[in-house]
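> could you look at this predicted model? Sequence included:
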Amino acid sequence: MPITIIGCPFKTSYGAATEALRKALEKRTGKAVAWVASNCGCGDQAEIDRQFQMPGCTYFEMYHISRYPSRQRWKNWVKSKARNVLAHLRARRYGKLSAGAEVVNFQQTLYAFGSSVLFQWLHQPSSAARVVTVHELDREQLQRPADNKTYNLADAIIVPHGAMKDQLIGLGVDPNKIEIVVHGTDLPVLEEKQPREGIVYYAAHHPLAGKGLHAVLAAMALLKTRLGSQAPKLKVHGYFSVEDLAVVKDLAAEAGLANDVSWFVQIPMAEALRLYQSSLLCLLPFTGSSAGLAAATAAAAGLPVIATRNAGIPEHLGENVLWLERDNAAEIVQQVETLLSSAELRRDLSGRLRQRARQYLSWDVVAEKTLAVYERALRRKRNHSSVRPPALALEAPTS
């Protein structure tokens, strides 16, 4: 079963996930998995500097048109039409470069890997089974809900958690084609005597949207007031922009935490694993989005987690979590103090989460589940192709 993945090729969290999945698929199948990609236009420093995740990707460049609106309506109209043309051309290039694969897996994120290109790609004829992995839903597709029925042209759709599946079903996507496969993780060797200090908070790609940032900063300020110099420091982990970093640093300063927060932005996954391994606990007070990367990383590091029941956290961590009802500072403080006061509870959660990572979250397990989705998609594609419409009778030409 020749496989091609279309996805971000740069040193981002998505590039790292694509590399890890690709290697795990190759390990299980014993065959090379192709990787097709282009410059995405996201503006991330890794993309600007062309910091590739790994060699061996079939890559091409294509021009991007700015999405910043103009004051002149006619210019916005022209730019919109031009972006549609470029999306069509990019989708065709993806199709051409993945020709020969039996299964093509499009990793949907944003921009060159967002809905406008994806939907153009799905409208192309293809002999391959097409699988879409949805990491993010973008503004364009949410502004035009009817467009999302285009997903039904795919042979299978992978999502990281049930909330996203429900959202897609609400947008008209066939539930029979949607399958949940969680975010994977490497399993580093853990040192029992590893010093642990501080609290990791995951701000993902958009720290001000559904991550509970304001509640976290308020909670850390309360802990600082209560515990003084004994209060744990905050470690913010994320993959957001330089502009967003300036904003969240200002918010931390306003909360009186200017000297109490360390920032770990755009770090490689190996460094992220070390960060989680050296921390006391992890905060995930998400109200939306997806927290799979942080949840899987925390489990692999045996790091106790305090979280809401949102963003795929239950699918990744089961019931091995101290739960929050909402992103509320007082509730966060209560659960943090519960964990800080009990080394026994921390050890218990650590062991259970590590076992959870071994059983359900390792990239080997994720690759096995992904291959099962590919196989079902391929059967669906072959069954659909075997049901051909009756041939049309052609009229004889008249003389």
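Looks like it came in fine. Predicted model only: the values in this text are computed from it and were never measured.
> so where do the strands sit in the stretch 251-399 of the chain?
261-265, 281-284, 305-308, 322-324 (DSSP state E, counting those that start in this stretch).
> what's the third one packed up against?
Using 3 or more Cβ pairs under 8 Å, 6 or more residues apart in numbering; DSSP states H and E as the contact criterion, the secondary-structure elements in contact with strand 305-308 are strand 281-284, helix 292-300, helix 313-317, strand 322-324, helix 329-340. From N, CA and C alone the C-beta is placed, and that goes for glycine too.
> quick one, which of these gets closest to Val248.
Closest of those to Val248 is strand 281-284, at 14.4 Å (criterion: Cβ to Cβ).
> partners of the closest one in the sheet?
strand 199-204 (parallel), strand 305-308 (parallel) (DSSP bridges).
> center of this protein - which residue?
Nearest residue to the geometric centre of the chain (Cα atoms, centre = their mean): His135, 4.2 Å.
> residues contacting it?
Shown in contact with His135 (Cβ atoms under 8 Å, 6 or more residues apart in numbering): 14, 107-109, 160, 290.
> quick one: which of these is nearest to Ala24?
For the contacts of His135, the nearest to Ala24 is Gln107 (14.4 Å; Cβ to Cβ).
> in the stretch 1-150 of the chain, which spans are helices?
13-29, 45-48, 73-97, 115-123, 139-143 (DSSP state H, counting those that start in this stretch).
> what angle do the fourth one and helix 73-97 make?
Angular relation of helix 115-123 and helix 73-97 on a 0 to 180 degree scale: 40 degrees, by axes from the mean of the first three to the mean of the last three Cα atoms, to 10 degrees.
> hey, where'd the strands end up in the stretch 101-250 of the chain?
Going by DSSP E, counting those that start in this stretch, the stretch 101-250 of the chain shows strands at 103-108, 129-134, 156-159, 178-180, 199-204, 234-238.
> residues in contact with Arg326?
Applying Cβ under 8 Å, 6+ apart, the residues near Arg326 are 285, 287, 308.
> now that we have the residues you listed, which one has the most neighbours?
Pro285 (29 neighbours; other Cβ atoms under 10 Å).
> could I get the strands of the stretch 101-250 of the chain as JSON lines with distance to Ala298 and mean pLDDT?
Compiled in JSON lines, these are given as follows (distance: least, Cβ to Cβ, whole Å; pLDDT from 0 to 100):
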{"stretch": "strand 103-108", "distance to Ala298": "23", "mean pLDDT": "98"}
{"stretch": "strand 129-134", "distance to Ala298": "22", "mean pLDDT": "98"}
{"stretch": "strand 156-159", "distance to Ala298": "21", "mean pLDDT": "98"}
{"stretch": "strand 178-180", "distance to Ala298": "19", "mean pLDDT": "98"}
{"stretch": "strand 199-204", "distance to Ala298": "7", "mean pLDDT": "98"}
{"stretch": "strand 234-238", "distance to Ala298": "10", "mean pLDDT": "98"}
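> mind checking how far the spatially closest residue to Asp364 that is not a sequence neighbour is from Ile6?
Nearest non-adjacent residue to Asp364, counting by Cβ to Cβ, 6 or more residues apart in numbering: Ala24, 5.6 Å away. To Ile6, Ala24 is 17 Å away according to Cβ to Cβ, to the nearest Å.
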